[in-house]
Structures are given as structure tokens and as C-alpha cells.
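Engineer: how would this look folded up:
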Amino acid sequence: MIKVHSIPGAFSAAQCNEIVAIARQATANDAGLVGDTTNHNIRRAELVWLDEVPGTDWVMEQIIDVVRHANRDVFDFSLQEFAESAQVARYGAEREGHFHWHSDIGEGQLAAKRKLTMVVQLSDPDSYSGGDLQVWPSSAVIDAARPKGCATLFPSYLLHRVTPVTRGERHSLTIWAHGPAFR
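Structural biologist: Numbers count the residues shown, from 1 in each chain. As a prediction, this is how the structure comes out:
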């Protein structure tokens, strides 16, 4: 059975606030797609890659701990590394920030090795409307839990999206754990 796993409180509210503050002080780039292409009809958001921001090692340490426990308890995937930086995404209502249905496994050298996706809710759910992370593991779409600090983990091959933000802004932290190809 394909799992979508939620971990309430994976990051504290204070940690979420700190990550958003760090991202606000960094230079954000327009979110692209695999292969350095951009299509605002598919994805409209701004990104900050945390490996480019000094003083964020603690975020990666927390990510490693959360992913290790979730993989051991739920997924049991063969994971080898985090070959890509964690990213903080901002989806703002002024641009109807969104990301249409997609999977995280792609044609790129790193994207091809993605096995487990983790998305952490950084924003207070009352601070925005829309912006739902939805995962499509089988015949029904699952809305990810929205409490601040909740991590949602799922196999990277699953289709998922972020619906358009219609009020406020939604921040999320995303990372992929990499490993050998699924068999």
C-alpha cells in the first residue's frame, strides 16, 4: 500500500518562524522546473535554497532526523543521501502561487534518484487561503495536514500539487532523500 505519512510537530513553531525569517532575508529566485525551465502556468513561486544560506545547518540536522525515523517506521526505502539542498518555497496570493500536478522524479541527474519527498508546513494555516498540498496516491486525493511544523512524507513518484493561494502567503520547506532506482 502506498503511504502518505504526516508527522505533526516535526518542526516547532519557533523553528518554522526562524526558517521563514531566514528565507525572507535571502535572495529568492523564481521557481523553475527540472532542466532549468520556467513555466508560470505550471509553477508560480519563489525559492530559497538553504545550502546557499549560512547558519542553516541545524535545519538539515532536523530534516535528517525526521526522515530517518519516518523511513524506518513507514517506508523502508533504500536511501543513501540528500543530494539536493532543502528549499523554502513562498506561494503568494499576489501571483496566485501554485504548482500543478507533478511527480518529483524527473529526467535530471539528481531528480532521477529522488525516492522520498518531505514537505514541511512553515506557515500558520490561518494566514492564507488555498495553497493546499494535495497528494494523489491512488483513487482519492489526500489533502496534507496544515498545522504549522507538520511534515508530510510520500514516495517521490506520487503525483502531487499545491493549489493556488488566494489570500496571504504559504511557506513550505521541501527536501528529497535519494537512493538507487525503485525495483
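Engineer: Name the residues of stretch 77-90 that are buried.
Structural biologist: By neighbour count on 16 or more other C-beta atoms under 10 Å, the buried set for stretch 77-90 is 77, 79, 82, 84-90. All C-beta spots, glycine's among them, are computed from the backbone N, C-alpha and C.
Engineer: ugh, wrong one, stretch 101-110
Structural biologist: So, applying 16+ other C-beta under 10 Å, buried residues of stretch 101-110: 102, 104-105.
Engineer: between those residues, which is nearest Gly9?
Structural biologist: Gly9 lies nearest to Asp104 out of those, by C-beta to C-beta, at 23.9 Å.
Engineer: And what about that closest one, helix, strand or coil?
Structural biologist: coil (DSSP: H, G, I helix; E, B strand; the rest coil).
Engineer: Spatially nearest residue to it, not counting backbone neighbours?
Structural biologist: Ser156 (4.1 Å; C-beta to C-beta, 6 or more residues apart in numbering).
Engineer: Also Lys115?
Structural biologist: Gly179 (4.6 Å).
Engineer: Do I have it right that that neighbour meets Leu79?
Structural biologist: Yes. With contact defined as C-beta atoms under 8 Å, Gly179 counts as touching Leu79 (4.5 Å).
Engineer: residues bridging contact with those two, i.e. touching both?
Structural biologist: Lys115 (C-beta atoms under 8 Å, 6 or more residues apart in numbering).
Engineer: What is the lowest-mean-pLDDT helix or strand in the chain packed up against?
Structural biologist: Between all helices and strands in the chain, the lowest mean by mean pLDDT, DSSP states H and E belongs to strand 29-30, at a mean of 78. Applying 3 or more C-beta pairs under 8 Å, 6 or more residues apart in numbering; DSSP states H and E, we find strand 29-30 packed against strand 46-49.
Engineer: What strands line up against the strand it packs on, and which way round?
Structural biologist: strand 29-30 (antiparallel), strand 87-92 (antiparallel) (DSSP bridges).
Engineer: and the closest residue in space to Val88 that isn't next to it in sequence, how many neighbours?
Structural biologist: Leaving out its chain neighbours, the residue that sits closest to Val88 by C-beta to C-beta, 6+ apart is Ala23, at 4.0 Å. Other residues near Ala23 come to 24 when the count uses other C-beta atoms under 10 Å.
Engineer: any idea of the pLDDT on Ala23?
Structural biologist: pLDDT recorded at Ala23 is 95.
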